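> test case, fold it:
(one chain, ligands or ions: 1)
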Amino acid sequence: MTRVLLVEDHPLTRAGLRAALADAGFDVAGEAADGLAGLDQAIALRPDIAVVDLGLPGLDGVELTRRLRQAVPDTRVVILTMHDLDTEVLAALAAGADAYCVKSSNPQNVILALGVVAEGGAYFDPAIAHIVLRKIVTPSAGPVTQASPLSPRETDILRLIAEGAGNADIAKQLSLGLGTVKGHIRDILEKLSAADRTQAAVVALRRGII
Ligand code: CA
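Residues are numbered from 1 along each chain as shown. Coordinates of the predicted model:
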């Protein structure tokens, strides 16, 4: 059973989440109403997943995510928030969040996100996916850039993927054969350990590659 820690300061929201997660078969192992208590509980409980509200007293959700990454690196972080502001979404991703859910969305999205994250994937609420993609195609002041494992050609292809181009479009724009494009995409997924195109784009964003 996937063990979950809830860090959310609003009692009703927390109760609703606890009920929804329990119904969906998750083990809600702990709860905290502020960031510092959340960090303490995560260290004590070592949950598989921490669901972290962005607006928290004590430590905010971004700072808590950063500290969780250091203190309990095996715990995956799902951000849950009212906000769909670009700066908040990107700050949470840069801090190392694995998923980002917007509270106004269907609660089933949160269940879906936890399922994906429990399997080792990344999830972005459809309501904020555009922010992530826009950031990828306008790579100004992003997260700290690491050395990219991708060749310039692969980077070009990944940018086009992030813009929504299909294989045929990419082949045409870069004057490459379709088979060549498919080969490059296989290499990109391999190099980024990504399961699919969306995940590749997200990994690239987090690592500041594109
Ligand atoms: Ca809050």
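
> residues in contact with the longest helix seen in the chain?
For the chain, the longest helix by residue count, based on DSSP state H, is helix 178-192. Contact partners of helix 178-192, identified using Cβ atoms under 8 Å, 6 or more residues apart in numbering, comprise 149-150, 153-154, 157-158, 161, 167-168, 170-171, 174, 176, 194-197, 199-200, 203-204. In this view, the C-beta of every residue, glycine as well, is placed from N, C-alpha and C.

> how far does it sit from the chain's center?
The chain centroid and the centroid of helix 178-192 are separated by 23 Å under Cα atoms, centre = their mean, to the nearest Å.

> returning to what we had before: list buried residues within the contacts of helix 178-192.
Taking 16 or more other Cβ atoms under 10 Å as the criterion, what is buried in the contacts of helix 178-192 is 150, 154, 157-158, 161, 167, 170-171, 176, 194, 197, 199-200, 203-204.

> how about the residues of this protein near the ion?
Residues of the chain lying close to the ion by Cβ under 5 Å from the ion are Asp9, Asp53, Gly55.

> now do the same for Ile79: helix, strand or coil?
Here Ile79 is recorded as strand under DSSP: H, G, I helix; E, B strand; the rest coil.

> show me what contacts it?
By Cβ under 8 Å, 6+ apart, Ile79 lies in contact with Val52, Asp53, Leu54, Gly61, Thr65, Ala92, Ala97, Ala99, Tyr100, Cys101.

> what are the boundaries of the helices in this structure?
Going by DSSP H, the chain shows helices at 11-23, 35-45, 61-71, 86-95, 107-118, 126-137, 152-162, 167-173, 178-192, 197-206.

> pick the most buried one from these.
Mean neighbour count, computed with mean count of other Cβ atoms under 10 Å, is highest for helix 197-206 among these, reaching a mean of 22.

> can you list the domains in this structure?
Following the assignment in automatic domain parsing, the chain carries domains at 3-127, 137-207.

> which residues does the nearest residue to Pro107 once chain neighbours are set aside contact?
Distances taken as Cβ to Cβ, 6 or more residues apart in numbering place Ala20 nearest to Pro107, at 5.4 Å, with adjacent residues excluded. Contact partners of Ala20, counting by Cβ under 8 Å, 6+ apart, are Pro107, Val110, Ile111.

> and Ala20, how far is that from Ile79?
Per Cβ to Cβ, to the nearest Å, Ala20 is found 17 Å from Ile79.

> these two touch, right, Thr2 and Phe26?
Yes - Thr2 is within contact range of Phe26, at 5.3 Å (criterion: Cβ atoms under 8 Å).
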